[in-house]
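Novice: Sequence first, then the predicted structure:
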Amino acid sequence: MLNDPRIYWQKLQILIAKAVLAFLRPLTSQDRKTTFIIDDSMYTRLNAQKVECAALQYDHAQKKYLKGFRYLQLGWSDGNSFIPVAFSLLSGKRKIQSNNPLGDQRTNAGKRRAQAFRKGTEVTVELLREALKQGVQADYVLFDTWFSSPKMFQEIRTLQCHCVAMIKRSKKVHYRYQGQMMDVKQIFQANKKRRGRSRYLLSVQVEALVDNEGLPIKLVYIRNRNKRNEYLVLASTDTALTEDEIIQLYSRRWNIEIYFKMCKQYLKLAKYQGLSYDGIFAHTTLVAVAYMILAVQERESKDDRTLGELFYLLLDELSEFSVAEAILQLLDLFQEAFANEYVLDETVLNNIIEQFLAKLPSSVQNQLKGAGTS
């Protein structure tokens, strides 16, 4: 069955993901933002001399070329659960086999192989378009620097989705800022930075020009935790988002890294020894389905709202903002107030406390408010 070239595995996974999301989506409020997450990882086949469509891929983690595929994954997240929606196993120019016919591209097998030899950015848009066509919806699309470019932002906006991504600090990519074309480094140097321990250093609105059309983008410069003297740049095509919302949304991208690790270490993703590209693709689909089952079981064990209507009405949805993070933000608010030499009158203090309470789970909010009135 795995080697059967007629099965449309990609659509099968999307339909299963759609059914899982129909179960998960009612567990969170309609106000909570949902996201697509895009990333790639290495699918290594060290002894891949006869593996169909395999190629030499550069592994940026190990800094060397390895035999295998580029595992491009599209996932969905509500901040608590991650669901793999669709994927593609990409080949490359440095194929291991010299003769590798694509076959009849009207068939499912031919379409899979043809997609494997297209650019990763093109396949990303194809996966998004197919997921949206089948009814899988999300508010934002998250991706890292490998996929971010003005052209990619524009293509995703044509699909009626907003982007939140990290962009490269490159001198080759320019944005229109205050009537001038500047790269992100020049924009950073031309502005005054925020002092204190604020979550971001700078926030500006620019335009990305693609085919002489301007696309509004909000840039947020944040400190690099690993190197305090450097900064990272996040970009959002939804300029109405606050800086904290952009940072919080992008932090969800880590869920896809956990997915890759789970698949490789525990679900035997790279243990399949078949030589057929159809078989490898089918096995990868079954691994994704197994992960969906585990994701649903994990949600049922943590979220009491899954027990039924009685519990659903009495319990809060899982919060993606922990109490510890709320306390840290409270300290940041006080430090920012002192750094800016505000007069800490009753109005300022009440504003800081209200922002702190708003970040807590509602059950904790009610207990604190009850203790304050008693």
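Specialist: Perfect, thanks for sending it. Since the model is a prediction, treat every value here as computed from it, not as a measurement. Numbers count the residues shown, from 1 in each chain.
Novice: What would stretch 181-201 look like as CSV? C-alpha coordinates only.
Specialist: Output in CSV follows, covering the C-alpha atoms of stretch 181-201 (Å, rounded to 0.1, in the frame of the first residue of the first chain):
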residue,chain,number,x,y,z
MET,A,181,14.9,53.0,0.3
MET,A,182,16.8,51.6,3.3
ASP,A,183,17.8,48.2,4.6
VAL,A,184,16.9,47.1,8.2
LYS,A,185,20.4,48.0,9.5
GLN,A,186,20.1,51.6,8.2
ILE,A,187,16.6,51.9,9.6
PHE,A,188,17.8,50.8,13.0
GLN,A,189,20.7,53.2,13.0
ALA,A,190,18.5,56.1,12.0
ASN,A,191,16.2,55.8,15.0
LYS,A,192,16.4,56.3,18.8
LYS,A,193,16.2,53.0,20.7
ARG,A,194,14.0,52.3,23.7
ARG,A,195,15.9,52.2,27.0
GLY,A,196,15.5,49.9,30.0
ARG,A,197,14.5,46.2,29.8
SER,A,198,11.6,46.6,27.4
ARG,A,199,10.7,43.6,25.2
TYR,A,200,11.7,45.4,22.1
LEU,A,201,14.2,48.1,21.0
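Novice: How far away from the center of its chain is it?
Specialist: Distance of stretch 181-201 from its chain centroid, counting by C-alpha atoms, centre = their mean, to the nearest Å, is 24 Å.
Novice: quick check: mean pLDDT across that stretch?
Specialist: For stretch 181-201, the mean pLDDT works out to 84.
Novice: Residues contacting that stretch, please?
Specialist: 167-177, 202, 204, 206, 209, 219-223, 231, 233, 243-244, 247, 329, 332, 335-336, 339-340 (C-beta atoms under 8 Å, 6 or more residues apart in numbering). (Each C-beta comes from the backbone N, C-alpha and C, glycine too.)
Novice: I'd like to know which of those residues are buried.
Specialist: Neighbour counting over the contacts of stretch 181-201 (16 or more other C-beta atoms under 10 Å) leaves 167, 169, 174-175, 177, 202, 204, 206, 219-223, 231, 233, 243, 247, 329, 336 as the buried ones.
Novice: Mark which of those residues are part of strands, please.
Specialist: When DSSP state E defines the strands, the subset of the buried ones among the contacts of stretch 181-201 inside them is 167, 175, 177, 202, 204, 206, 219-223, 231, 233.
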